[in-house]
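> sequence and predicted structure below; questions after.
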Amino acid sequence: MKEFILIKNGEIALKGLNRGVFEDALVKNIKRRLSPILKANVTKSQSTIMIEPLEENPDMDSAVEAVKRIFGIAGFSRAAACEKDMDVMREVAVSYLADTFREVKTFKVEARRSDKNFPLTSPELARELGGEILSNFPHLRVDVHNPDLVVNVEVREKYTFIHGNQIKGAGGMPVGTSGRATIMISGGIDSPVAAWTMAKRGLVLDAVHFASPPYTSQRAEQKVHELLGKVSKYSGAINLMVVPFTEIQEHIKDDCPEDLFTIIMRRMMMRIAVELAKRQGSGAIITGESLAQVASQTLLALGCTDAVATIPVFRPLIGMDKLEIIDISRKIDTFDISIQPYEDCCTVFTPKHPRLRPTVDEVIDAEKALDVDGLVEEAVNNVKIMVIDNSLDV
């Protein structure tokens, strides 16, 4: 008996003539993620992607954990592959899921035959294996409507696959199938969640972080590295661009109205992020903003920020409340890092009474005191770039 991992596509199944492009991207991502764990064939067969280990005693537990984090997979199963012989199938159905049978009270068998030359029909096969399971585990009863365990039997061209309940996958679209975008990341709760959410939609991620030493510490930057490390477990490699922002913030503090400080700062960040995104080949900016969460995230304030963007700005969290965002941050293991007490540049020189309803005209007028183009060019030319990738960690 061999063990396989059988993967079911999610949204890919809804694609038309270009479905193969998405499936090939998913297969490529699976191969990359599994490369440090085991040698395997990864092949497409009908609506299933099959992972077949090529070595004895493969580390299937680690392989399953890796597959859980690959976007584009709706669900998957760890399955026994055996000969298309009824005696062998009876034995494997009982032995492979024995531990699970002892833990449940009800079950049913669902059988499917891709190989129509197999002598039993699907209902006959289900009855045969169901009877064998009941004779070996007399505490069980059959429940065809709401069983604790569904025993799946798939008779295919080469093997019969037997497995239990499907494991939930990460969902979404394969990373790399939707283009490239740049996340503006702080050390807070929201932006890592926004990054993860858009990677789930198939985007390759770059990241921009604004550092303001000595007002922000090296530990604040390290915090961002750790957050992106968690996100990269799902997204793959992320190019992090760290922008020196101290001089710009000091100019804004000295030369601009205090109540507009935050919105002018956000506009400068957006200009720099857009320029860096274009250099990286990114087609959009991603932010972690949620409508009305803070003063810079009111409808008018967001409009003032977007006025300087020359590529699309994605805000995947815009309609979420804080508790919803926190739930996702816990799920992807970024919450405990985000709440570490190391300030980012967004908290530097925060005005006591920020303007809640700024207009674009008055912000443009206030920015006349700054050499906007010169400051942006200097910041972009002094950016520090590094690659963060924890996706291959076992």
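Thanks, I have it.

> just give the nearest non-adjacent residue to Ile51, would you?
Among residues not flanking Ile51 along the chain, Ile5 sits closest, at 4.0 Å (C-beta to C-beta, 6 or more residues apart in numbering). Yep, even glycine has a C-beta here, placed from its N, CA and C like the rest.

> my guess is that neighbour contacts Val64. True?
Yes - look at Ile5 against Val64 with C-beta atoms under 8 Å: they come within range, at 6.9 Å.

> just checking, next helix/strand downstream of the longest helix seen in the chain?
Criterion DSSP state H: the longest helix present in the chain is helix 261-280. Along the chain past helix 261-280, the next helix or strand (assigned with DSSP states H and E) turns out to be strand 285-286.

> any idea whether Ala111 is helix, strand or coil?
Using DSSP: H, G, I helix; E, B strand; the rest coil, the three-state assignment for Ala111 comes out as strand.

> tally of neighbours for Phe210?
By the measure other C-beta atoms under 10 Å, the count of residues near Phe210 is 27.

> could you count how many residues lie near the closest residue to it other than its chain neighbours?
In this structure, Phe210 finds its nearest non-sequential neighbour in Phe245, 4.1 Å apart by C-beta to C-beta, 6+ apart. Using other C-beta under 10 Å, Phe245 has 25 neighbouring residues.

> how much space between Phe245 and Met60?
Distance, Phe245 to Met60, by C-beta to C-beta, to the nearest Å: 47 Å.

> for burial, what's the neighbour tally of Pro138?
Neighbour count of Pro138, defined by other C-beta under 10 Å: 7.

> let me fix that: Ser178
Applying other C-beta under 10 Å, we find 19 residues neighbouring Ser178.

> so it sits against Arg201, correct?
Yes - assessed by C-beta under 8 Å, Ser178 is found in contact with Arg201 at 5.6 Å.

> give me the element the residue nearest to Ile51 is part of.
Using DSSP H and E, the element containing Ile5 is strand 2-9.

> that strand: how far from the chain's middle?
Its chain's C-alpha centre and that of strand 2-9 lie 21 Å apart, by C-alpha atoms, centre = their mean, to the nearest Å.

> contact partners for the residue nearest to Phe210?
By C-beta atoms under 8 Å, 6 or more residues apart in numbering, the contact set of Phe245 is 210-212, 269, 345, 379.

> and it, how close does it get to Arg78?
Separation of Phe245 from Arg78 (C-beta to C-beta): 48 Å.

> repeat that for Lys200.
Remark: distance between Lys200 and Arg78 (C-beta to C-beta) = 23 Å.

> one more: Asn57?
Separation of Asn57 from Arg78 (C-beta to C-beta): 15 Å.

> ditto for Ile183
Distance from Ile183 to Arg78, counting by C-beta to C-beta: 33 Å.
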